[in-house]
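Participant: Here's a sequence, model it:
(chains A and B)
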Number of protein chains: 2
Amino acid sequence: MKNRDDECFGDGMDDGLDTDFDFEGNLALFDKAAVFSEIDTTERRSGARSRGTPQDQTPTRYRHDENILEGKPVVYRQIVVPQPGPKEYCTDSGLVVPSISYELHKRLLSAAERYGLTLERRLEMTGVCASQMTLTLLGGPNRFTPKNLHQRPTVALLCGPHVQGAQGISCGRHLANHEVEVILFLPNFVKLLDSWVTLLFSLFISTDLPDTPVDLIINCLDCHENTFLMDQPWYRAAADWANQNRAPVLSLDPPVSGQGHAVEAKWSLSLCLPLPLAEGAGRVYLCDIGIPRQVFQEVGIKYHSPFGCKFVIPLHSA
Amino acid sequence: MKNRDDECFGDGMDDGLDTDFDFEGNLALFDKAAVFSEIDTTERRSGARSRGTPQDQTPTRYRHDENILEGKPVVYRQIVVPQPGPKEYCTDSGLVVPSISYELHKRLLSAAERYGLTLERRLEMTGVCASQMTLTLLGGPNRFTPKNLHQRPTVALLCGPHVQGAQGISCGRHLANHEVEVILFLPNFVKLLDSWVTLLFSLFISTDLPDTPVDLIINCLDCHENTFLMDQPWYRAAADWANQNRAPVLSLDPPVSGQGHAVEAKWSLSLCLPLPLAEGAGRVYLCDIGIPRQVFQEVGIKYHSPFGCKFVIPLHSA
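Facilitator: Numbers count the residues shown, from 1 in each chain, chains lettered A, B, ... in the order given. Next up, the predicted model:
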């Protein structure tokens, strides 16, 4: 029976299994490097991707969450300015944001004005975005709950007689609408425009500096052009008060470095593109004021928005 | 020696310890309820807080995270209107937001205008806040990253020839600034104001409805007053296109119910105080347009901001 099975199904190979196979000797015969280099050159010639070589392990299978289509390479330098400033910043996602000179900044704003983006619109937009940042700095949703209404935050708003001051007032108006106590300091010679005064009803206007503790100081004392303001007694008094106060300072649209920051800030909010700010400006944030790409092009700036879905973003020194 | 010690230090009481003390008998003698009621009445008379009684267990010790000072009770009905509308909404934190009639809404806006809150300012603010909401609806920070620039979201913006249309265009301008593809549909007889046209450079203006897929439709076709617009052919064509499209619809400043919503919306964004909207308006959101409390007072509304630190909040049917 056994023999007949062997005759039918056997292959006469059983004898060979008795002698041991020489694995080491056979492995030595195989020149791995030569074979792989041959495969490599063949594939390179035919344009196919090399696969599975130890030097270049490209995955041959894609995971369910991987994209088969190759995306465009990410360009991190999306904003190109004609005369790059001395400083460069980058956003959280790595986009490069160059600084620009005050002259270019001024030309940009006047081009925006020609396109219909009036000072009034810009004031409103700056006010909304700056107040959104301030509300976050004051504690955001944790602080502003109905159960917390008995301890409203207090903000001291220091404003000079210029556009920067008007931006501060616009910000203060929105803060007051959101149940923040706003104490607005203005030098006593400032005559407010009619439309401003009527909008200021919710603010507590004072020509004296507050002697009660405040949660935050917003500094809009500085102007980009009239540096002589810094020698005025009201300016010095306000700046000294802010520096001696324990509350943190947010500077709104501060001027470029070199002019000396009388008030040391913890945060600074620059508009549309940053100026090269000094160390005293603290951590720099950038605010979108709604200038379209066409306006940037007019003054020679190649621009793609670095803001993503936000209107205020933090910048880091590159 | 023992006797002399007893004479000096003993108290002659050792004998008493031999008889067992009758605990149960003594406990029965004590009328606990009578004693506590006596303490209770004494404290109530003297105004002191009762403490430790089984009926009224006030904690005598505070945890490290508890507040010793008693807070004011939370008032959830902070907004009181002269003629309450048929609907009431509430915010996430439970604040009641009553609806108002369109007549009161109109008086509110014209009072705001007298206080210097011009249409231009309101358009800018509505545009910023509506675009912030839209950017969130489109995917927010997950969608708007530099690595995702090759798949920009597309928004179809349907605008009629009225203030609501202008609000939509302001929103579209900010969306275009944030790298959203905006296709603006306008009926072909609309002559845009000069300042608008110049601002619209970034938008793709079309008098035809797009036949490519879009991510979101923003509906600004409806006006609060001219309901005769709904019979126009351009209106019907746009409304039919929107209803047949698979993209979700956001209605900006939609009119009150009863006038019929030609376009069914998934979300609606009301301004300052909601009108009583119909079911077809979808989920209702409220947008802050920066009207101060004094203006609300002028038209007889007692107002405290329901917005907290936000500028756009969801409302729920109360």
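
Participant: CA only for contacts and neighbour counts going forward, please
Facilitator: Will do.

Participant: Assign A:Gln297 to helix, strand or coil.
Facilitator: Assigned by DSSP: H, G, I helix; E, B strand; the rest coil, the conformation of A:Gln297 is helix.

Participant: Contacts only, for it.
Facilitator: Contact criterion C-alpha atoms under 8 Å, 6 or more residues apart in numbering or on different chains gives A:Tyr303 as the residues in contact with A:Gln297.

Participant: Roughly how far does it sit from B:Val214?
Facilitator: A:Gln297 sits 28 Å away from B:Val214 when distances are taken as C-alpha to C-alpha, to the nearest Å.

Participant: Is stretch A:96-116 in proximity to chain B?
Facilitator: Yes - using C-alpha under 8 Å from any C-alpha of the partner chain, stretch A:96-116 reaches chain B at A:115-116.

Participant: pull the CA atoms of that stretch into CSV?
Facilitator: Coordinates of the C-alpha atoms in stretch A:96-116 are reproduced here as CSV (Å, rounded to 0.1, in the frame of the first residue of the first chain):
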residue,chain,number,x,y,z
VAL,A,96,6.4,85.1,6.2
VAL,A,97,5.1,88.6,6.8
PRO,A,98,7.7,91.3,6.0
SER,A,99,7.7,94.6,7.7
ILE,A,100,7.3,97.8,5.7
SER,A,101,8.4,101.4,6.2
TYR,A,102,5.9,104.0,7.5
GLU,A,103,6.1,105.8,4.1
LEU,A,104,4.9,102.7,2.3
HIS,A,105,2.2,102.1,4.9
LYS,A,106,1.0,105.7,4.4
ARG,A,107,0.9,105.2,0.6
LEU,A,108,-1.1,102.0,1.1
LEU,A,109,-3.7,103.7,3.2
SER,A,110,-4.1,106.6,0.8
ALA,A,111,-4.5,104.1,-2.1
ALA,A,112,-7.2,102.3,-0.1
GLU,A,113,-8.9,105.6,0.4
ARG,A,114,-9.0,106.1,-3.3
TYR,A,115,-10.7,102.7,-3.7
GLY,A,116,-13.5,103.7,-1.3
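
Participant: and the strand or helix carrying A:Tyr285, how far out from the chain's middle?
Facilitator: Assigned by DSSP states H and E, A:Tyr285 belongs to strand A:283-287. Strand A:283-287 has its C-alpha centroid displaced from the chain centroid by 7 Å (C-alpha atoms, centre = their mean, to the nearest Å).

Participant: what about A:Ser37, is that helix, strand or coil?
Facilitator: Per three-state DSSP, A:Ser37 ends up helix.

Participant: Tell me, how many residues neighbour it?
Facilitator: The criterion is other C-alpha atoms under 10 Å in any protein chain shown. On that basis, A:Ser37 has 12 neighbouring residues.

Participant: again, but for A:Pro82
Facilitator: Residues contacting A:Pro82 under the criterion other C-alpha under 10 Å number 11.

Participant: How about the contacts made by it?
Facilitator: Applying C-alpha under 8 Å, 6+ apart, one finds that A:Pro82 lies in contact with A:300-301.

Participant: Over to it: give its phi and psi.
Facilitator: According to degrees, to the nearest 10, the main-chain angles of A:Pro82 amount to phi -60, psi -50.

Participant: Name the single longest helix found in chain A.
Facilitator: Residue-count comparison of every helix in chain A, with assignments taken from DSSP state H, identifies helix A:119-137 as the longest.

Participant: does the strand holding A:Tyr285 come close to chain B?
Facilitator: No - with C-alpha under 8 Å from any C-alpha as the threshold, strand A:283-287 lies outside contact range of chain B, at a closest distance of 12.4 Å.

Participant: Buried ones in stretch A:293-308, by neighbour count?
Facilitator: By neighbour count, with 16 or more other C-alpha atoms under 10 Å in any protein chain shown as the criterion, the buried positions of stretch A:293-308 are A:293-296, A:299, A:301-308.

Participant: Ends of it, what's the gap?
Facilitator: According to C-alpha to C-alpha, stretch A:293-308 extends 14 Å from its N-terminal end residue to its C-terminal end residue.

Participant: can you give me the helices in chain A?
Facilitator: A:2-9, A:23-29, A:32-46, A:102-114, A:119-137, A:140-143, A:163-177, A:194-199, A:233-244, A:293-298.

Participant: Show me where the stretch 101-250 of chain A dips below the pLDDT cut-off.
Facilitator: Low-confidence regions of the stretch 101-250 of chain A, defined here as pLDDT under 70, cover residues A:189-203.

Participant: What residues does it have near chain B?
Facilitator: Contacts of the stretch 101-250 of chain A with chain B, taken as C-alpha under 8 Å from any C-alpha, map to A:115-117, A:120-121, A:124-125, A:128, A:132, A:135-136, A:140-141, A:144-147, A:150, A:173-174, A:176-179, A:195-196, A:198-199, A:201-202.

Participant: follow-up on the earlier one: tell me which two in the buried residues of stretch A:293-308 are the farthest apart.
Facilitator: Taking every pair in these and measuring C-alpha to C-alpha, the maximum separation is 22.8 Å, between A:Val299 and A:Gly308.

Participant: out of the buried residues of stretch A:293-308, who's near chain B?
Facilitator: Intersecting the buried residues of stretch A:293-308 with the contacts of chain B gives A:293-294, A:304-305, A:307-308 (criterion: C-alpha under 8 Å from any C-alpha).

Participant: Return the closest of these with respect to chain B.
Facilitator: A:Gly308 (5.0 Å; C-alpha to the nearest C-alpha).

Participant: so that closest one makes contact with B:Asn142?
Facilitator: No - using C-alpha atoms under 8 Å, A:Gly308 is not in contact with B:Asn142, being 9.6 Å away.

Participant: re earlier: narrow the residues of the stretch 101-250 of chain A next to chain B to those that are buried.
Facilitator: The neighbour-count test (16+ other C-alpha under 10 Å) applied to those identifies A:115-117, A:120-121, A:124-125, A:128, A:132, A:135-136, A:140, A:144-146, A:173-174, A:176-179, A:196, A:198-199, A:201-202 as buried.
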